[in-house]
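Peer 1: Below is the structure, and that's it, no one-letter string:
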């Protein structure tokens, strides 16, 4: 029967198997290609929510604004990410109080609604402490402000959905499940503009619920906080009925309201209120569970930017100690009457928690990471291994190793190396700007860089050698209107004129002298819509004119790499402008893009190297409530456009990077991670190998190394080393069972320094591998039967075993240029020098992969560093001496083996009879005496070690020479001469002893009917372990 | 072999479309496709010879495991024998690399080890009787290959004094039902909190006809791994009890 059904079943399976998503397709192709993270972590990034385990004070969860969820199991000393596969913008993390080791809820979408805030994609739950996560709905919620689990019932959960920021939405309000999240009821809803912004259960009675609602809206050019719909509600029946609890609250419109109930006394509540009148704003206290309220404090720290700071925490043991998030964070020890700032730390505090057992120990989440206090908030120490830096943009230079430049949300501008001895550490990063950092561009040839702060308030030209800074931003000249710079202003350099530098306001400004002189080369390229340029009125109940809402500005500038007269400019209000004559005339070509909603922000233009008229334009509509991905390609200067987005792409696009070699190979930075196409955008695969689903704001491709470098907004700089194998992924190659990618000549790295200085609890970024890389494609994972890889010389002699990857897709074998270590004489202890494997000389080698019965071969060229100052003759001398010492080491090993075998045989005979004993004793005595000069025969491997003998001295010298590329020093050569002489003496002695005494041993053995000792040949001996 | 695998594929497809694959069935298929439960049950002990390649230095290993929990990993370095992870029925011990003398593991590690004594020759053999639970946690693509993700929960262990769940995830190839990868959270040491990962491949028959992995690669998820190439597996070897014995008064 089964046979009959089989074809049908296979068909079903096949059809299912083809309906794959971009993640699965990516996992099937990218195999061993793996991203590495280089941070930085020294300034960390914005934290949105902190959560503690209710009974285990070692466990701390961090929800980051753009960097996912991290868990510590050692009181915050170190953290690990536990949410990498999902949206990294976090609103709320909640541990189930009755099953805290297993059940954790994560609401995505940060709720501190600054201009750069992004979106979430729903609610998640784990029931195994974070190993696996399941989506529990709320896909369109955009941001979740709070989650509360009934401490007596894991299935009863409340979720505060704050909802969409830039649009109306009905997916907001307070929701409840009674079946652990399978189904949800919306139990409190106000309107399409008002979301649930804070949520609490009474710690003593889970039927008592407090929920605040906030009317809020952002547009790209304005923000409004507050309205008549904002309110604080209370239910005493598990959310069936609700009442506003405003007795004592200010009248009129209200803004964002934070609420807290004292864990030690449910009657004591605090609320921070944003209201119409400044005098009414601030902290309110209730001592009757919300029935009445009294204002206690309206200091700056309590009223500052409610949309950004709206959290109150009460000491779990003392209701009079209350802390408020804010610019610096404020703490009161008198029940909210007076406040002082928390201790110095990064500004912009978003959440504060008290340790479950000790109120002196506090954790604080800021714009610059997590801080921990041991003294009740006076002294703050930063946690040093949360690489949550939020890059807006990155760029790379061409140094070795190349540097990565970029600007961060509220953390200035930086550059650091892509690799560094011991890994990329905090000390490797250089600060090159303050405030909010955005674009940092290296000068194409000089050790100079350009950096900026928000709104181009300052644009700096920084000389890295002299450490000198000059401000160079374009300024309004006579007759100019006010220059409108975006909060994140565009900059560009040129491939044609090294000192050329572009900036964009509403105009394109060009300088030919590194910013000393500016010329406007365009008219206002934006829509210049007066309704969108009234930022002074932004904020709602709390005026917020930071410049963050500047609109009708140019956001991206790109000069063609093929023609300096072709320049593209994209504006935040949706224009795409191009000039072909160096700025004399401009054409707005956005109307030629079919299907793109009007005024969708042009976020990035990539001018192609494959055609003068070719460019890619990326648009983001999320700030108008449109999260669809938009990326288009033109080949005719914008006259016509084609979408390069397929259904595979989930989430809106921030950036695109084209390959320099294969026009069909493109990299897409989206809000939820990296996508790669190998067919020009017909289909996209998601890259997930050590690559979190983080917002990729900017991508660059380092031309020399072919490294893909990503500036992520929440996980720092992430690099995929050498993407060149992807260029080879043609339909033909993908159809093969096995395909060897061309192996690039591998350069032996000569650096051998002492490594880094980071301590155990500091983040250290991974370095690029300096090994040779052998890359191949497997159509199917190798699971059954043998598959091995080895390196041979061109005559077929084995040089080294290689570790063959077996994954379906791309496999990368790494090889460190070393061959087998020498066979070492056996002593009582280790000869540490003997653990050194010698390097191969430069040359051509053969890679042989044996997969079942099939053999695949390829050639690998190994070369010395062409930039090295070490002469070839010196290297050759090093190799010759290394080989001599290697051979001598093995020769000694064989001699000791022969001695040991002889001693063993003699000892056996000695035990047999007094006569035999007498006959072999002189041999034993002589041999043992000799052996004591050859190897260490006593002691241990540490300070109990015996005095070094020939083996130790020889292997030390061998190791010293073999570990470098230099010509051996005269001291080393002299030392070798002395050791060679000792070796010669030992050989002579051994020969004499053998000649004199072995016949007696053989005689005794013969008498006992035993054959003389049979030794392995030298070749056999060195092959055995 | 071929015939067996074909059966597996057929069964696999059937189960797939029927959408009724349970963790129990996956495990049953695994044993069936790797020689059958009866053959697995005849395994009383195993001696595995393997090579570990560390930057050109080839380290030979011998791993001996017996059904009663006794085990030893014997490393030969420069002719010196170093034993690691040895259990003699009472004590778990290793040679100290510095002094080359045996040292007992800390009490917690030893107690945790004793909880897994019944895991030889395979953790899933009689897992129910051992008090373990399994659960199908869905399908996942790993090593580019579709797998069944099976969650295995063993008895709770102690970590730094606290009782902790002992959970690992096995990824069984949906095509031939052998595990490709096992993952577990690292509970202590420098990698604490990260996920350990062992990849299995090069499954081959051993002397009694059971199919076993001859290539292992061990590391931390998302990071590089250290491969171990198995050169031979001897089933039910003759082993000297002295191999395991903690050397008192050394």
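Peer 2: Alright, I've got the coordinates. Predicted, not measured: the structure shown is a model, and the values here were computed from it.

Peer 1: show me where chain A has helices.
Peer 2: Secondary structure of chain A by DSSP state H: the helices cover A:2-18, A:22-30, A:300-303, A:731-735, A:872-910, A:914-934, A:950-962, A:970-1007, A:1018-1023.

Peer 1: Kindly reformat those as JSON lines and extend each row with mean pLDDT, mean neighbour count and distance to residue A:847.
Peer 2: For the C-beta atoms, the positions are set from N, CA and C on the backbone; glycine is no exception. JSON lines is the format used below for these (pLDDT from 0 to 100; neighbours: other CB atoms under 10 Å in any protein chain shown; distance: least, CB to CB, whole Å):
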{"stretch": "helix A:2-18", "mean pLDDT": "33", "mean neighbour count": "12", "distance to residue A:847": "32"}
{"stretch": "helix A:22-30", "mean pLDDT": "95", "mean neighbour count": "22", "distance to residue A:847": "21"}
{"stretch": "helix A:300-303", "mean pLDDT": "96", "mean neighbour count": "21", "distance to residue A:847": "65"}
{"stretch": "helix A:731-735", "mean pLDDT": "94", "mean neighbour count": "11", "distance to residue A:847": "17"}
{"stretch": "helix A:872-910", "mean pLDDT": "97", "mean neighbour count": "18", "distance to residue A:847": "22"}
{"stretch": "helix A:914-934", "mean pLDDT": "95", "mean neighbour count": "17", "distance to residue A:847": "39"}
{"stretch": "helix A:950-962", "mean pLDDT": "97", "mean neighbour count": "23", "distance to residue A:847": "23"}
{"stretch": "helix A:970-1007", "mean pLDDT": "96", "mean neighbour count": "15", "distance to residue A:847": "34"}
{"stretch": "helix A:1018-1023", "mean pLDDT": "94", "mean neighbour count": "12", "distance to residue A:847": "22"}
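
Peer 1: Among those helices, which comes closest to residue A:793?
Peer 2: helix A:872-910 (13.9 Å; CB to CB).

Peer 1: what pLDDT does residue 41 get?
Peer 2: Unless you meant another one, I'm taking chain A. Predicted confidence (pLDDT) at residue A:41: the value is 97.

Peer 1: right idea, wrong chain: chain B
Peer 2: Looking at residue B:41, its pLDDT is 96.

Peer 1: Ramachandran coordinates for it?
Peer 2: Dihedral pair for residue B:41: phi -70, psi -20, per degrees, to the nearest 10.

Peer 1: Residue A:477 too?
Peer 2: Dihedral angles (degrees, to the nearest 10) for residue A:477: phi -100, psi 180.

Peer 1: what's the distance between it and residue A:511?
Peer 2: 13 Å (CB to CB, to the nearest Å).

Peer 1: Neighbour count: the two, which is higher?
Peer 2: Just comparing residue A:477 and residue A:511: by other CB atoms under 10 Å in any protein chain shown the higher neighbour count belongs to residue A:511, 18 against 10.

Peer 1: Which positions are bridged to the more buried one in the beta structure?
Peer 2: For residue A:511, the beta-bridge partners are residue A:501 (DSSP bridges).

Peer 1: isn't it right next to residue A:519, touching?
Peer 2: Yes. Using CB atoms under 8 Å, residue A:511 makes contact with residue A:519 at a distance of 7.3 Å.

Peer 1: Pairing partners for residue 95 in the sheet, please.
Peer 2: All of this refers to chain A. residue A:104.

Peer 1: The chain in question should be chain B.
Peer 2: Beta-bridge partners of residue B:95, as defined by DSSP bridges: residue B:102.

Peer 1: Count the neighbours of it for me.
Peer 2: Residue B:95 has 20 nearby residues by other CB under 10 Å.

Peer 1: what does the one 10 residues further on give?
Peer 2: Around residue B:105 sit 17 other residues, with neighbours defined as other CB under 10 Å.

Peer 1: thought it was touching residue B:96?
Peer 2: No. Counting by CB under 8 Å, residue B:105 does not reach residue B:96; the two are 11.6 Å apart.

Peer 1: Where is the longest strand in chain B?
Peer 2: Secondary structure of chain B read by DSSP state E shows that its longest strand is strand B:145-159.

Peer 1: do the next helix or strand after it and chain A meet at all?
Peer 2: Using DSSP states H and E, the next helix or strand after strand B:145-159 towards the C-terminus is strand B:162-173. Yes. Under the criterion of CB under 8 Å from any CB of the partner chain, chain A is reached by strand B:162-173 at B:162, B:165, B:167, B:169, B:173.
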